[in-house]
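> need coordinates for the following:
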Amino acid sequence: DAPPPEARLAAVGRIYLAERRHDDVMRLAHAYVRPYPVLSERLVNQVGYDLLARGEVARAVQAFKDNAAAFPASPNVFDSLGDAYCRAGDAPAAIASFQQAARVAAASAPPHPRLASYQKKAQAGCAPAAR
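Predicted structure coming up:
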């Protein structure tokens, strides 16, 4: 069985997100992680930032933690988790996440294009200039 087209899944994810159906987006992302890992990572990230925007910080942190566990080779998931920790008021955890984003970005070949940004955030932590 072939999975549905990626563009269609992305469209469904956007619809669910607009309707605040976060759990449905998470299920969609998990169901299609194998054929579409980049889409899956992006959908979960979108859920996390939407939850942050709605003030649901604890749920956002958990979504970003899940994403970091699922995609440990992605610096973006650790950067996003750091942003959520900042919103939660946990600066030490935020700095650790930003540092992990920088380490993962530096380890990629060639180095990730956002490496300097990740390094800056790792140094500044939750300071406004870092965000």
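> just give the number of residues close to residue 11.
By other CB atoms under 10 Å, 11 other residues sit near residue 11. For glycine as for every other residue, the C-beta is placed from the backbone atoms N, C-alpha and C.
> and it, what's its pLDDT?
On the pLDDT scale, residue 11 is placed at 97.
> what's the answer for residue 82, then?
pLDDT recorded at residue 82 is 97.
> now residue 22
For residue 22, the pLDDT comes out at 96.
> apart from its chain neighbours, what residue comes closest to it?
Nearest non-adjacent residue to residue 22, counting by CB to CB, 6 or more residues apart in numbering: residue 47, 5.0 Å away.
> can you pull the contacts of the one you found?
Residues counted as contacts of residue 47 (CB atoms under 8 Å, 6 or more residues apart in numbering) are 17, 22, 25, 26, 29, 63.
> make sure the last one is actually in contact with residue 46.
No. Counting by CB atoms under 8 Å, residue 46 is not a contact partner of residue 63; they are 9.4 Å apart.
> the more surrounded of these two?
More crowded of residue 63 and residue 46, by other CB under 10 Å: residue 63, with 27 against 20.
> and the more buried one, what element?
helix 57-70 (DSSP states H and E).
> and what of residue 23?
If you go by DSSP H and E, residue 23 is part of helix 22-31.
> and that helix with helix 57-70, angle?
0 degrees (axes from the mean of the first three to the mean of the last three CA atoms, to 10 degrees).
> the protein: helices as residue ranges?
Listed in chain order, the helices of the chain (DSSP state H) span 6-18, 22-31, 37-53, 57-70, 75-88, 91-107, 115-124.
> from those, which stretch is densest packed?
Per-stretch averages of neighbours, counted by mean count of other CB atoms under 10 Å, single out helix 75-88 among those, with a mean of 24.
> next, the angle from it to helix 37-53.
In terms of direction (the same axes, to 10 degrees), helix 75-88 departs from helix 37-53 by 10 degrees.
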